[in-house]
Every structure is written in structure tokens, then in C-alpha cells.
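Asker: model the following, please.
(2 chains)
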Amino acid sequence: MTRTSMPTRRRFVSATGAATGLALAGLAAPRHAASQTPPDPKRFAGTTIEVNLIKSPRGDTLQKYEKEFEALTGIKVNSEQIPEQQQRQKTTIELSSGNPSFDVVHISYHVQKRQFEKGGWLADLAGPINDPSLTPPGFWDDFAEAGKTFAKDGNKVGALPFSVDYWIIYYNKELFAKKNLAYPSTFEELVATAEALNDPRAQVSGFVARGLKNANTPVWSSLLLGWNSATVDPSGKLLTDTPDAIAAAQLYQRLMTKAAPRGVTGFNWAECQSAFLQGRVGMWFDGVGFAPPLEDPNKSRVVGKVGYGVMPSGPKARAAATTGDGIGVTAASTKKEAAYLYCQWAVSKQIGARMLQAGAGVPFRNSVLTDPAVREGVTMPSGWLDAVAASGKISRLTLPVIIPVTEFRDVFGIALSNMLAGSDPASELRNATADFQPILTRSEKT
Amino acid sequence: MSVTASSPIAAVTDETESGQPGGLSPSYWPFVVPALVVVVATILLPWAFTLWMSVSEWKIGEGHHFVGLANFAHMLADRRFGESIERTLAYTVLSVVAPLVFGTAAALLFNRNLPFRGLLRGIFVMPMMATPVAIALVWTMMFHPQLGVLNYLLSLIGIEPQDWVYSPDTVIPSLVLVETWQWTPLVMLIVLGGLASLPRDPYESAEIDGANAWQKFRYLTLPMITPFLLVAVTIRMIDALKSFDIIYAITQGGPGTASETTNLYLYSVAFSYSDLGYGSAIAVVFFALIILLSMLLLQLRRSSARLAGGSK
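Answerer: Sure thing, here's the model as predicted:
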């Protein structure tokens, strides 16, 4: 397999020059750009780069404003958005062939990080990031720690941290008021509140979350964080059949069988959102990025009635489950410099502010979240932004950083689905762990 | 167009009838080459490659190496694979029987001189022409436990709402319902063709002997249309065995694995888990299963034709 060598610091310096770095400083921090030497953003004018994006509001934002990038740099961008599952298959196949059709790739850290690292599919961006002639001072320091953890592979940096998704509880304030209930602060209260809200005669369910196989695994692993535990420990040992894991599964089973709508076993986030939009659900547990339709009068019957709650405390910890996206340059790209400029633009404060203000996503950049001017422009209710900020303080990764993430989600997702049909959580988790252990062992051997 | 004894076609016919090996003289072989190249390139080579992959351990992004029959041995211990085979067979049987019964009934109905028969037949065959994924999306909405029209219709007649594709207990029958809705017209068209070709004489004799409608159907119509039914069964069986689009679009194999047929499992293994070696081994076994069942049906059809007095 032929692969273009990864960019080194020297190569980047010679190729792009200081002027481009300053141009990126301008892109990344427009308010400070005026005080710096005027850059030469047109250095790579005439280059065409191919960009592969995951279909999402974040991808929409990049495509919406990519003309600005083209006008500023003269670099032509051909971008495409592909639905998540298909994008993962396409990128895996193309990157493993050694000749991908794209220079820039948008990845889900929580699914693809380890696979991309092992395949050596991304260019190492540590050199250019640490080069003051290429990257504005403070650029890397501005990212939240969770973002840096996602992006790093030892001393290397793969995809730049693009957006973060915290899991929160959306709740219907009107339904809470009718039953004179307060937002739960512990898991015990969560169960009691969900069951108190549940009223099948009025077609109201107390709680909803993903029940569909594979999609449901992060729900359980997010609950498990409340026991101060993850699904895999740092040494790679599975913690999926421990007493804590079983307790989290029992909680999932109880919430989803005692207080959830009919047929929740087949619900992905879209069905959950649809039920919540109808005003028929008291609480919905999912990522913060699904909020905008709730406040859209054309789509929602709960506009102005939605509360945004930070995850309640579990028996041993309070943690907001976190997933994230990154955007990086492929190792095989022959246009790495131009592709790097695009990635820097994609994670710039300006794009981050636009995503946040539209509710399309939450950037990893701390300065965007703390900027009063940005906060003023946020179209979502202040409660949403408060939940984002508070979740950031208790953020923890919800899925293990392993190669066979899809198998992990499938195997444990099937076990969770079976629990919704009445199976015993302990035996389901024991079987699933036994099924998954050889897959995990093999993935790290080869 | 008349064909003279000196024409190439006549010559080929003569050679075939003369029983020469291959039936073609070597001078005609070059004409076969283009078709042969296409068959080798699009059917034989991919199959040979699949066979080779099935004896390899090969995950996308990793190297591959020969493992002999290890993938096939793994299949024997793979609970999910075994369950998917059972589910596929159950789904296939139901998806063949239900359209066969309803399609035959519809054919008998539309074989009569009904008012607006042409129009009604046209409407009846419309589901067959629709795109599977579009059908799946519409049915997904109809199956929705809270918002779907099916539960609303049930509520009008006082029946409790059902979980349809959202329950492991009802997901397979619900999917068969969609399959039946779409493919009953195909069976009807095949059986209608058979009914149109039946002779009148046996029916006149039966009427003289005082046979009632059921007896005429049971002892005359059914035996005479059996070859047509077997054609319908063969087509439906192959279709149902390889059914993927509707199931994937409606349930993705869920809840859990309650509707995960072998095709869906194969897809997950090969493309979600990127395990091309094991996925290929499943494809090989599944292909062998389809061939075996098809051969059994063809044999059954031959036996049926012999019994009916037809030629082989």
C-alpha cells in the first residue's frame, strides 16, 4: 500500500510559510486578526480539496459557510455529506484501500478514533499545531480537555476536536407542573419521577430513551457513569458484567419497561424525539444536539415548555456522558496543506460560534462557550446553554475507545433489547460479555 | 421468417439433434466468447473470490491470511448465525404460504366476469410496482404504536393497540404482512395465467356428474394449476430468502435480533464489523442453502408435471 508520508513540521513550514499561519490566525480568531501581520491566505489558491462529512447539523454548518473559506483562501472545496452509518462504511473501505477519494474526513471519535489510529489513516497534525508560523498562539490550549483526549494518540494529533455532544435530560415543564414534580437530582428520584409522570390513559409516558439495538448501548453506558464506572478499564479489561454494570442495566430496564411508551424497543433517537415533540413524554434522555426542533413552532408542540436538565447524580458519581466529532486530514492526501487550512477553519471560533448559536452543535473551544457576545446570539433558551456549560464540567466519555465499537454496541445492544422483553440483566450481560471478549481480544492482537 | 436448411440456425439445430458433443461446431465458438467473458467476469470470478475470502481471516483495514475452514467451524458455534437461519426459514415459509393462498384466491376471483375487472386488476397489482424502501417507510409509519394508522383502525373496532414491529413476538408476522401485501399480486398473475389455459371439457363432465364448486376446485382446478403454483412458490421462495431491503428499512433486524435474517446478519458482519472473511463464509453457506431448496422445488415441479401427464 502506497501512502504519502505524514507532514512534518519542517515540511509544513516550507510549504505553507508564516503568512498562511497568520491567515489562519485570522480565521480562527477574527477579533485578534487585525493586530497581526496581514496574511497571504491565497497561497494555495487554485487547489481543490475533497471533504467527506457526516450528515448532521454540524456538516450543514460547514457546507453553508464553505464559500467564505473559498473566497478567503481561493481553495476550491468539494464537500459531501453522507448519513452516519454509510459514511463510516465508506471511509473505512476507502481509507483501508490506501487511496481515499477525500482529503478531509469528519469522524465520530467515540466510534472511529481507535480504528483510524490503528490504521494510520490520519496525518499527524501535532507539528503544524505547535508551529507558531502556522497556528495562532493559544489555538490548542483553547480546546476542552475532553477534546484533546479525543484528538491525541500518544504524542500525535489526529482529527482536530470539532464538536462535543453531552447527554442531558429534556423534560416537559408543563407535565411536571401538572403533577407538581421537581426535576430529579438523583437516580432514585429519576425513577420515582418517571413513574409518577407515567399515565398510559392520558397517553403520557414518564421517560423515553433509545431502545433500538446498537443505539441503546450509550444509554446504558451513560447510566453506568453514575456508578463511577466505565464499560472498559484503561487496561482494556471489560467491566460489563460487574455488579455496577448490572445495576445500571436494571435501572435501564426499569425506566424503559415501567415508564416508557409502547414499542420503545424499536425506538432510535428520532422516535424518542418525535414522541417528546408531541408533548407525550415527561423526560427524554439523549444528546444535547437534538434540541433545535423542540423549540421550532413548525415541528414542536412543546415550544417554550422544555426544560434542559443536567444528568442527576448516580449512587457513586455525577457525570454527563460525552461523545464527540473531529475533523482531520487523511494520511494519503496529496493536498495536506490546503486540507489542514480547511480543518483549522472548521474548528475556528467563528464556525464554533455559529454552530452554538444555531443549536447545531457545541464546539470544543472554551473561548466560544465563555464569550458573552456569542452567548447573546444563541437562539436556544438560556436553560439549554446552562445545561451545556454545566455538563461540560462533569463530562466523561461514554463509549470505550476500542476498535470494534460497532460490535460492542450491537452485542450489548441486543442484550439490552432482550432485557426490555423481560430477560434477566445479569445473565444477559454475562452472555454478552462472554460473546464480546474474544472480539475485543482479537481486535487488539491483529 | 422462414429458416432454410442451409441457414446457420438450421445447421445448429441439425447438429444439436444429431447429438454431437457440445451441439456447436468449433466455428461458432468465437460467438460465445463475449457472453462467456461477461459470465466469468460478473459471476464466476466474484464467486471464486468469495470462496477464497471465506477461507481467509480478513478484516477491512487489516491483513488477511488463510485459515482453512475456521470460519465455517466458527459458524457452528455462532448462536446468532444459527438463530438467523431459523428466522430466515420461518420468514420464508410464511412469506410463501400467505401470498400463495391470497394470490390464488384473488386469481379465482379475477378469473370471473366481474364488472370493472380490468381496472380492479390494475389496482390490485400496484403494490408490486412500488419501490421496496418507499413501501418500508410508509409501513413504518403505519406500524408506529402511538401515531400509526393501524392501531387507530384497531381502536375503531375495539381492539387493543398492538406493538407490531416493535415487539419480538409480533415483528416477523408484521413483516410478513408487508411482504404479503406487496407480492400477492405476483402470485395472482401467475395463477391467472394458469387458469386461462385450463381446458373446459373436464368442468363440463364434472357438472354433468353433479360436482359442486369446491369439488371442482379441489379435484380439477387445483391439480391442473399445481405446476403454476410451484413456479410461484419457487419465485417467492428465492425472493423471501434473499429479502433484505424491507426488513432493514423497517426494523434493521430488531427488536434485538428478533427479525435478523441471515441476509441482515451477513450484512452486519461484512460491512458493519468489516469482517469480510466470516461474512463471505456466511454468504457461501447461504448460497448453498438457496441452491439446495431451489433444486428440491424444481424436482418437485418435475414430479408434479410427470403426474399431470406432461413431459419432463
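Asker: contact residues of the stretch 51-200 of chain B facing chain A?
Answerer: B:59-63, B:79, B:144-147, B:161, B:163-168 (Cβ under 8 Å from any Cβ of the partner chain). Just so you know, the C-beta spots here come from the backbone N, C-alpha and C atoms, and that holds for glycine as well.
Asker: mind pulling up the pLDDT for the residue of the stretch 101-250 of chain B found nearest chain A?
Answerer: Taking Cβ to the nearest Cβ, chain A has its nearest neighbour within the stretch 101-250 of chain B at B:Tyr166, 2.8 Å off. On pLDDT, B:Tyr166 comes in at 90.
Asker: and what of A:Leu385?
Answerer: 90.
Asker: report the secondary structure state of the residue nearest to it when sequence neighbours are not counted.
Answerer: Closest residue to A:Leu385 apart from its sequence neighbours, by Cβ to Cβ, 6 or more residues apart in numbering or on different chains: A:Val378 at 5.5 Å. Put simply, A:Val378 is coil when judged by DSSP: H, G, I helix; E, B strand; the rest coil.
Asker: is it true that A:Val378 touches A:Gly359?
Answerer: Yes. Between A:Val378 and A:Gly359 there is a contact under Cβ atoms under 8 Å: 7.5 Å.
Asker: what lies in contact with stretch A:392-404?
Answerer: A:110-111, A:113-115, A:118, A:144, A:146, A:149-150, A:164, A:166-167, A:217-218, A:221-222, A:225, A:230-232, A:236, A:310-311, A:318-323, A:369, A:405, A:408-409, A:436, A:439-440, A:443-444, B:273 (Cβ atoms under 8 Å, 6 or more residues apart in numbering or on different chains).
Asker: tell me which of the residues of the stretch 51-200 of chain B next to chain A fall in helices.
Answerer: If you go by DSSP state H, those have B:Arg79 in helices.
Asker: filter the residues of the stretch 51-200 of chain B next to chain A down to the buried ones.
Answerer: B:59-62, B:144-146, B:163-168 (16 or more other Cβ atoms under 10 Å in any protein chain shown).
Asker: just name the closest of the residues you listed to A:Lys42, please.
Answerer: Using Cβ to Cβ, B:Gly61 is the member of those that sits closest to A:Lys42, with 37.3 Å.
Asker: quick one: what helix or strand has the residue nearest to that closest one when sequence neighbours are not counted in it?
Answerer: Residue nearest to B:Gly61 in three dimensions, not counting chain neighbours: A:Ser96, with 4.0 Å by Cβ to Cβ, 6+ apart. Using DSSP states H and E, A:Ser96 maps to helix A:84-97.
Asker: off-centre distance for that helix?
Answerer: Centroid separation for helix A:84-97 versus its chain: 18 Å, with Cα atoms, centre = their mean, to the nearest Å.
Asker: residue of the stretch 251-400 of chain A nearest chain B, please.
Answerer: Nearest residue of the stretch 251-400 of chain A to chain B, counting by Cβ to the nearest Cβ: A:Gly263, 2.8 Å away.
Asker: still on that earlier bit, just to check, the residue of the stretch 101-250 of chain B closest to chain A is in contact with B:Phe143?
Answerer: Yes. The pair formed by B:Tyr166 and B:Phe143 meets the contact definition of Cβ under 8 Å, at 7.3 Å.
Asker: confirm A:Tyr170 sits in a helix?
Answerer: No. In this structure, A:Tyr170 is strand, not part of a helix, as judged by three-state DSSP.
Asker: give the contact list for it.
Answerer: A:Phe276, A:Met283, A:Trp284, A:Phe285, A:Asp286, A:Phe290, A:Ala291, A:Leu294, A:Val306, A:Gly307, A:Tyr308, A:Gly309.
Asker: swap in A:Gly352?
Answerer: Per Cβ under 8 Å, 6+ apart, neighbours of A:Gly352: A:Pro363, A:Phe364, A:Arg365, A:Val368.
Asker: for it, which non-adjacent residue is spatially closest?
Answerer: A:Pro363 (3.0 Å).
Asker: B:Leu36: which element?
Answerer: Element membership for B:Leu36 (DSSP H and E) is helix B:29-39.
Asker: in PDB, list the C-alpha atoms belonging to that helix.
Answerer: Provided in PDB are the C-alpha atoms of helix B:29-39 (Å, rounded to 0.1, in the frame of the first residue of the first chain):
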ATOM      1  CA  TRP B  29     -17.300 -20.800 -30.600                       C
ATOM      2  CA  PRO B  30     -16.000 -17.300 -31.100                       C
ATOM      3  CA  PHE B  31     -19.600 -16.100 -31.000                       C
ATOM      4  CA  VAL B  32     -19.900 -17.500 -27.500                       C
ATOM      5  CA  VAL B  33     -16.800 -15.700 -26.200                       C
ATOM      6  CA  PRO B  34     -18.400 -12.200 -25.400                       C
ATOM      7  CA  ALA B  35     -21.100 -13.900 -23.300                       C
ATOM      8  CA  LEU B  36     -18.600 -16.200 -21.700                       C
ATOM      9  CA  VAL B  37     -16.300 -13.300 -20.700                       C
ATOM     10  CA  VAL B  38     -19.300 -11.400 -19.100                       C
ATOM     11  CA  VAL B  39     -20.400 -14.500 -17.200                       C
END
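Asker: so what does the very next helix or strand once past that helix touch, helix or strand wise?
Answerer: Note on helix B:29-39: by DSSP H and E, the next helix or strand toward the C-terminus is helix B:45-54. When contacts are defined as 3 or more Cβ pairs under 8 Å, 6 or more residues apart in numbering or on different chains; DSSP states H and E, helix B:45-54 sits against helix B:276-307.
Asker: what packs against the helix it packs on?
Answerer: Counting by 3+ Cβ pairs under 8 Å, 6+ apart, helix B:276-307 packs on helix B:45-54, strand B:56-58, helix B:70-77, helix B:222-241, helix B:262-267.
Asker: and of these, who's closest to A:Leu122?
Answerer: Per Cβ to Cβ, nearest to A:Leu122 of the helices and strands packed on helix B:276-307: strand B:56-58, 22.8 Å.
Asker: pLDDT weak spots in chain A?
Answerer: A:1-41, A:445-446 (pLDDT under 70).
Asker: sec struct for the most centrally placed residue in it, please.
Answerer: Taking Cα atoms, centre = their mean, the centroid of chain A lies closest to A:Gly324, which sits 2.6 Å from it. Classification of A:Gly324 using three-state DSSP returns strand.
Asker: run a quick neighbour tally on the residue nearest to A:Gly352.
Answerer: 27 (other Cβ atoms under 10 Å in any protein chain shown).
Asker: now swap in A:Pro243 and tell me
Answerer: A:Pro243, neighbours per other Cβ under 10 Å, totals 10.
Asker: roughly how far does it sit from A:Gly236?
Answerer: 20 Å (Cβ to Cβ, to the nearest Å).
Asker: domain-wise, how is the chain divided?
Answerer: Picked chain A for this. Domain ranges of chain A: A:9-165+A:323-395, A:167-321+A:398-445, per automatic domain parsing.
Asker: meant chain B actually
Answerer: Split by automatic domain parsing, chain B gives B:23-69, B:71-307.
Asker: deepest of those, which one?
Answerer: Comparing these by mean neighbour count (mean count of other Cβ atoms under 10 Å in any protein chain shown), domain B:71-307 ranks first with a mean of 17.
Asker: just the helices in the stretch 51-200 of chain B please.
Answerer: B:70-77, B:79-110, B:117-124, B:126-129, B:132-143, B:149-156, B:171-196 (DSSP state H, counting those that start in this stretch).
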